[in-house]
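**Student:** Okay, sequence plus prediction incoming.
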4 protein chains.
Amino acid sequence: MSINPLEQLRQQLAEFAAARDWDQFHSPKNLSMALIAEVAELIEHFQWLTPEQSEQLSPEQRQAVSYELADIFIYLIRLSDKLNVDLMTVTQEKIKINDSRYPIALAKGSARRATEYLEQKQDVKS
Amino acid sequence: MSINPLEQLRQQLAEFAAARDWDQFHSPKNLSMALIAEVAELIEHFQWLTPEQSEQLSPEQRQAVSYELADIFIYLIRLSDKLNVDLMTVTQEKIKINDSRYPIALAKGSARRATEYLEQKQDVKS
Amino acid sequence: MSINPLEQLRQQLAEFAAARDWDQFHSPKNLSMALIAEVAELIEHFQWLTPEQSEQLSPEQRQAVSYELADIFIYLIRLSDKLNVDLMTVTQEKIKINDSRYPIALAKGSARRATEYLEQKQDVKS
Amino acid sequence: MSINPLEQLRQQLAEFAAARDWDQFHSPKNLSMALIAEVAELIEHFQWLTPEQSEQLSPEQRQAVSYELADIFIYLIRLSDKLNVDLMTVTQEKIKINDSRYPIALAKGSARRATEYLEQKQDVKS
């Protein structure tokens, strides 16, 4: 009988925080700040690189970047947990919405198109 | 024979991008920007709320927030894929690092302690 | 004959970058990434504090925070310069727009009102 | 007798907030969140552009971007005000620190050098 790996991770991180009595600090507001701070550490790795250079990281850079991705994932799981959101379920819902919002025929292969669609997304965002 | 749900999501999003010819825009640099922009949309929901209010969202707010979490997850999976990083594996590695970095006996129940540990984390970060 | 202090700062920072041959890295795209990374360093100072605690920083915290504000200002001036934007002029224009967007009679004293107005701002943003 | 334009802007924005009874929401914590959300709106303009494209915005894009810069400036001034920080003074102090941290002879013209210096900056940051 296997447990969903996301559910397993959620439990693991909840126990990690509980053992340290950190739930008092983990309001959604605070966790959203911690989350964006972690993403910014990722940004720092890429800010002076060209897009092409960002695709060819050294092993050391790639290792460092992968730990930033892990930190982001940790706070994302934690935040979803505190909000009682089933991350995989809402993601599948959101992919369906994106699918109708960016129809293949229209969105295909144009940066400009992609940008326009993003602006459109702004307008309808909840 | 079941497929790991994260691996399944990775494939699904890779196909979504490929069908729209978006890989040309999806360098790690660009994806890191798209990722932080999504986290900022989450931040906007919480910026004027107290930490306590952020724990008691209305059903409409919670729905909107959950879609932001989905967008963050989508770009995180996409970015990990483009960097050939196995997100679950590095996350388990990172949790072990965090466990030794924030020992329960020292980190327990103090915001100040938590902050100091975060600063320490800055110093040793790769 | 006095020089505008913002114009003086712009020149000073342009010379700082030119002396280091950094203009090649200072595209608006790259500078926007550097800017958000600096703001995230500010966020880290506040993420585990309550709103009230963030108003009562220790002298050491306040000093550290003030240097983050400086870094943000530096990149903001630099980015405006590279885009040939007169920051003070567009700010006065934007304040006029905000003034009509958030009329005193309607916006006064309600977080909810403030939030609604922010959402309205999303819809009309250019 | 001229007033410093930054001081004038500070007063103007303080009155804008006071007239709307918004000081209750403008804790440094909350303002740091509003600030990063504005920077993210800037990021969205650049995320799918190449660094070169970000230097050649259309008049419409440049106008939109300039209002984002204004919003960032507004929150930066507001935050400095709430923290009683004299933004111009700390910025001049910070430039002196940066000057000794990135000596021209060493930092000149190398992205790699720039990155290393940034990492060094991480280590010593307060």
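**Tutor:** Sure, I can see it.

**Student:** Tell me where the model's unsure across chain A.
**Tutor:** Applying pLDDT under 70 to chain A picks out residues A:1-2, A:110-126.

**Student:** Please give me every residue in contact with the residue of it found nearest chain C.
**Tutor:** Proximity to chain C, evaluated over chain A using Cβ to the nearest Cβ, is greatest for A:A40 at 3.0 Å. No exception for glycine: its C-beta is placed from N, CA and C like everyone else's. Contact analysis of A:A40 by Cβ atoms under 8 Å, 6 or more residues apart in numbering or on different chains lists B:36, C:36-37, C:39-41, C:43.

**Student:** For A:E38, give its distance to A:V85.
**Tutor:** Look at A:E38 and A:V85: by Cβ to Cβ, to the nearest Å, they are 19 Å apart.

**Student:** ok, those two, which is more surrounded?
**Tutor:** More neighbours surround A:E38 than the other of A:E38 and A:V85, with 24 against 21 (other Cβ atoms under 10 Å in any protein chain shown).

**Student:** That one: what secondary structure?
**Tutor:** Under the three-state scheme (DSSP: H, G, I helix; E, B strand; the rest coil), A:E38 adopts helix.

**Student:** Pull the contacting residues for it.
**Tutor:** Listed by Cβ under 8 Å, 6+ apart, the contact partners of A:E38 are A:68, A:71-72, A:75.

**Student:** again with A:D21
**Tutor:** With Cβ under 8 Å, 6+ apart, A:D21 has these contacts: B:108-109.

**Student:** in the helix or strand where A:M88 lies, what's buried?
**Tutor:** Per DSSP states H and E: A:M88 is located in helix A:87-101. Neighbour counts over helix A:87-101 (16 or more other Cβ atoms under 10 Å in any protein chain shown) mark A:87-88, A:90-91, A:94, A:98 as buried.

**Student:** Does anything pack onto that helix? Which helices or strands?
**Tutor:** helix A:59-82, helix A:111-124, helix B:5-19, helix B:59-82 (3 or more Cβ pairs under 8 Å, 6 or more residues apart in numbering or on different chains; DSSP states H and E).

**Student:** With respect to C:E15, which of these lies nearest?
**Tutor:** Of all the helices and strands packed on helix A:87-101, helix A:59-82 sits nearest to C:E15, with 31.1 Å by Cβ to Cβ.

**Student:** list the helices and strands that closest one packs on?
**Tutor:** Using 3+ Cβ pairs under 8 Å, 6+ apart, helix A:59-82 sits against helix A:5-19, helix A:28-46, helix A:87-101, helix B:59-82, helix B:87-101.

**Student:** Tell me the first helix or strand C-terminal of the second one.
**Tutor:** It refers to helix A:28-46. Criterion used, DSSP H and E; the element after helix A:28-46 is helix A:51-54.

**Student:** Just checking that next one against chain C, any contact.
**Tutor:** No - legend: contact between helix A:51-54 and chain C by Cβ under 8 Å from any Cβ of the partner chain is lacking; minimum distance shown is 9.1 Å.

**Student:** then that helix to CSV, C-alphas only?
**Tutor:** What follows is helix A:51-54, C-alpha atoms only, in CSV (Å, rounded to 0.1, in the frame of the first residue of the first chain):
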residue,chain,number,x,y,z
PRO,A,51,19.5,32.8,-21.1
GLU,A,52,21.9,30.5,-22.9
GLN,A,53,24.4,30.5,-20.1
SER,A,54,21.5,29.6,-17.7
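
**Student:** Buried residues, that helix. List them.
**Tutor:** A:51, A:54.

**Student:** how near is A:A17 to A:D81?
**Tutor:** In this view, A:A17 and A:D81 are 9 Å apart by Cβ to Cβ.

**Student:** more crowded one of these two?
**Tutor:** Neighbour tally, A:A17 and A:D81, criterion other Cβ under 10 Å: the higher count belongs to A:D81, 20 against 16.

**Student:** residues touching that one, list them.
**Tutor:** Applying Cβ under 8 Å, 6+ apart to A:D81 gives the contacts A:10, A:13-14.

**Student:** between these, which is closest to D:L57?
**Tutor:** Nearest member of the contacts of A:D81 to D:L57, counting by Cβ to Cβ, is A:L13, at 41.9 Å.

**Student:** so the closest one touches A:L76, yeah?
**Tutor:** No - look at A:L13 against A:L76 with Cβ atoms under 8 Å: they stay out of range, at 10.2 Å.

**Student:** unless I'm mixing things up, A:K29 is touching B:F46, no?
**Tutor:** Yes - using Cβ under 8 Å, A:K29 is in contact with B:F46, at 4.3 Å.

**Student:** Which of the contacts of A:D81 sits closest to chain B?
**Tutor:** A:L13 (7.6 Å).

**Student:** For burial, what's the neighbour tally of the closest one?
**Tutor:** Residues near A:L13, counting by other Cβ under 10 Å, number 20.

**Student:** before we move on, what about the one 3 residues further on?
**Tutor:** A:F16 is surrounded by 17 other residues when neighbours are defined as other Cβ under 10 Å.

**Student:** which residues are common contacts for A:K29 and B:F46?
**Tutor:** What both A:K29 and B:F46 touch, as defined by Cβ under 8 Å, 6+ apart, is the set B:S54.

**Student:** returning to that earlier point: please list which of the contacts of A:D81 also come close to chain B.
**Tutor:** A:L13.

**Student:** Would you format the contacts of A:D81 as CSV with distance to C:D21 included?
**Tutor:** Shown next, in CSV, are the contacts of A:D81 (distance: Cβ to Cβ, whole Å):
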residue, distance to C:D21
A:R10, 49
A:L13, 45
A:A14, 50
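
**Student:** Who are the contact partners of the nearest residue to A:D86 once chain neighbours are set aside?
**Tutor:** Counting by Cβ to Cβ, 6 or more residues apart in numbering or on different chains, A:D86 lies nearest to A:S80, which is 7.6 Å off, once chain neighbours are set aside. With contact set as Cβ under 8 Å, 6+ apart, A:S80 has these partners: A:10, A:86-87, B:66, B:69.

**Student:** The helices and strands packed on helix A:59-82 into TSV, with extra columns for distance to C:Y102?
**Tutor:** Below are those laid out as TSV (distance: least, Cβ to Cβ, whole Å):
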stretch	distance to C:Y102
helix A:5-19	38
helix A:28-46	23
helix A:87-101	30
helix B:59-82	21
helix B:87-101	42
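
**Student:** Relative to D:A107, tell me which of those helices wins on proximity.
**Tutor:** Across these, closest to D:A107 is helix A:28-46 (Cβ to Cβ), at 16.9 Å.

**Student:** quick one: buried residues of that closest one?
**Tutor:** So for helix A:28-46, counting by 16+ other Cβ under 10 Å, buried means A:28-46.

**Student:** cool, stretch A:69-77 as well?
**Tutor:** Those would be A:69-77, for stretch A:69-77 by 16+ other Cβ under 10 Å.

**Student:** Can you add distance to D:E52 and give the residues you listed back as CSV?
**Tutor:** Conversion of the buried residues of stretch A:69-77 to CSV gives the following (distance: Cβ to Cβ, whole Å):
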residue, distance to D:E52
A:L69, 28
A:A70, 33
A:D71, 32
A:I72, 29
A:F73, 33
A:I74, 36
A:Y75, 34
A:L76, 33
A:I77, 38
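
**Student:** Out of those, which comes closest to B:Q53?
**Tutor:** Nearest to B:Q53 among the buried residues of stretch A:69-77, with distances taken as Cβ to Cβ, is A:Y75, at 19.8 Å.
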